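[1] Quick one: sequence and predicted model below, then my questions.
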Amino acid sequence: MQTKQGQNIWWWATGLLVVALVLFVVAKILHLGWLEAFAEAALVGGLADWFAVVALFRKPLNLPIPHTAVIPNNKDRIAESLGGFVAENFLTRKVVESKIANLDLTGRAGRWVEENAESLTQKIVSEVPGILAGLDEGAIQKIIQRELRAGVEKLDFAKSAAGLLESLTAQGKHREILSKILVGAQALIEKNRESIAEEIRQELPLSELEGIPFLGDTIVASVRRAAGDAVASLLVYKIQKVLDRAKADDNHKLRSEFDEALAGLVRNLRESQEYHQKAQEMKTALLESKEVGDYISSIWGDLKKKILDDLASTDSGIRRALLAAVKKIGTTLQQEQVLKDRINAWLKPELAELAEKNRHEVARMIEETVKQWDGRDLAEKLEEHTGRDLQFIRLNGTLVGGLAGLLIYLGSLWLH
């Protein structure tokens, strides 16, 4: 099998051989010695080169001639020689080092990454569902539980709470929190005014009125309700007034007492063994609670679902972030000269050493691959790639043979 160009040259070579045959016949008929010598030698040369070329790839005219079909019959030996040739001449440390000495491998890698960022990102994204599906969920949940528990165990709840409260105090945030608490307290009191009045009614010392003969139950109940409402209204009014003043005045006694109480709490959280012990008990109870255990167990499932849902979205945030990261890597590998120099300085000797260590493995791989090929397929592949040049050999053999025959003929005339 040959390429179109190879087939064209084949026709030229074969045609020239036919021309030599015609010239030989004409020379014989006309008794032209010099032309006969030229044509005869051209025929011999052309036929000899045709035989040699064909014998490389197959048996000429399918005749059982020894030492023909050289390539198919010697495929295994060619495989061994080819593997050894590549290993000894292309993959030695010296050769590899000389080839990559002046190459900017990091910059080239960076350009390739940047140019193929979209396809790389898509490849990574397409692999994520399979990777997530292949993970052992039970093992991952255990890892998450273990790591979270270990992290929480290391925490000193008392000191952490103290640090948080100190931070809020230093920024004045505690006053904002107190203001919101006051507003909430006012709303809560107003919302529960009737409940407060009812509680007060039940606690009022009016049981003596029930023993007076001329006061009926209705009158006693009315007195109790009126007294309860009055006391409740007065109490709610007074409390609301206190809360209003506390909201409006940053120096109000209630705020000062809140600051002192907060400072005392921070001090106790830092110094009191009792508070420390209570905080540790709270931490233990929190870790051992069923709700926290269920939440920790659900973290991986929720996280995996969020990842898959995001990747399935047309406006995936993970995909955008990943694409930006891939492009950034490509740009960095091209532009950061210090980084490029360091990676190149590390990469080049590593590649040379890798080639040196594995050159015999590469040779074995080439050898085994070629041995697995069918001999005829190998011959066809080689003929396809070299056929054009081999047909030129036939052309040259015909012409050179003819010229050699003519020179011999002229030489013999001169000697006579």
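    Everything's here; your move. Residues are numbered from 1 along each chain as shown.
[2] Can you pull out the low-pLDDT segments for the stretch 301-416 of the chain?
    Along the stretch 301-416 of the chain, segments meeting pLDDT under 70 span 375, 378-379, 381-389, 394-395, 397, 416.
[3] one more time with 80, if that's ok
    Counting by pLDDT under 80, the stretch 301-416 of the chain contains low-confidence ranges at 366-367, 369-406, 408-410, 412-413, 415-416.
[4] residue ranges of the helices in the stretch 1-150 of the chain, please?
    With DSSP state H, counting those that start in this stretch applied, the stretch 1-150 of the chain shows helices at 4-30, 33-57, 70-73, 75-89, 93-100, 105-115, 117-134, 137-154, listed in chain order.
[5] tell me the angle the first one makes with helix 33-57.
    Right, the one you point to is helix 4-30. What separates the directions of helix 4-30 and helix 33-57 is an angle of 150 degrees, with axes from the mean of the first three to the mean of the last three Cα atoms, to 10 degrees.
[6] re earlier: for the helices of the stretch 1-150 of the chain, which one ends up most surrounded?
    helix 33-57 (a mean of 20; mean count of other Cβ atoms under 10 Å). C-beta here means a position set from N, CA and C on the backbone, and glycine is covered the same way.
[7] follow-up on the earlier one: any chance of JSON lines for the helices of the stretch 1-150 of the chain, columns mean pLDDT?
    Conversion of these to JSON lines gives the following (pLDDT from 0 to 100):
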{"stretch": "helix 4-30", "mean pLDDT": "75"}
{"stretch": "helix 33-57", "mean pLDDT": "76"}
{"stretch": "helix 70-73", "mean pLDDT": "69"}
{"stretch": "helix 75-89", "mean pLDDT": "78"}
{"stretch": "helix 93-100", "mean pLDDT": "80"}
{"stretch": "helix 105-115", "mean pLDDT": "91"}
{"stretch": "helix 117-134", "mean pLDDT": "89"}
{"stretch": "helix 137-154", "mean pLDDT": "79"}
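[8] for these, which one sits closest to Gly184?
    Nearest to Gly184 among those is helix 137-154; the distance by Cβ to Cβ comes to 30.1 Å.
[9] separation between Gly405 and Phe24?
    Between Gly405 and Phe24 the computed distance is 10 Å (Cβ to Cβ, to the nearest Å).
[10] Can you work out which residues contact both of those two?
    Applying Cβ atoms under 8 Å, 6 or more residues apart in numbering, one finds that Gly405 and Phe24 are jointly contacted by 39-40.
[11] now the helices of the stretch 1-150 of the chain in a markdown table, with distance to Leu235?
    Listed next are the helices of the stretch 1-150 of the chain as a markdown table, based on distance: least, Cβ to Cβ, whole Å:
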| stretch | distance to Leu235 |
| --- | --- |
| helix 4-30 | 108 |
| helix 33-57 | 113 |
| helix 70-73 | 111 |
| helix 75-89 | 99 |
| helix 93-100 | 89 |
| helix 105-115 | 74 |
| helix 117-134 | 61 |
| helix 137-154 | 44 |
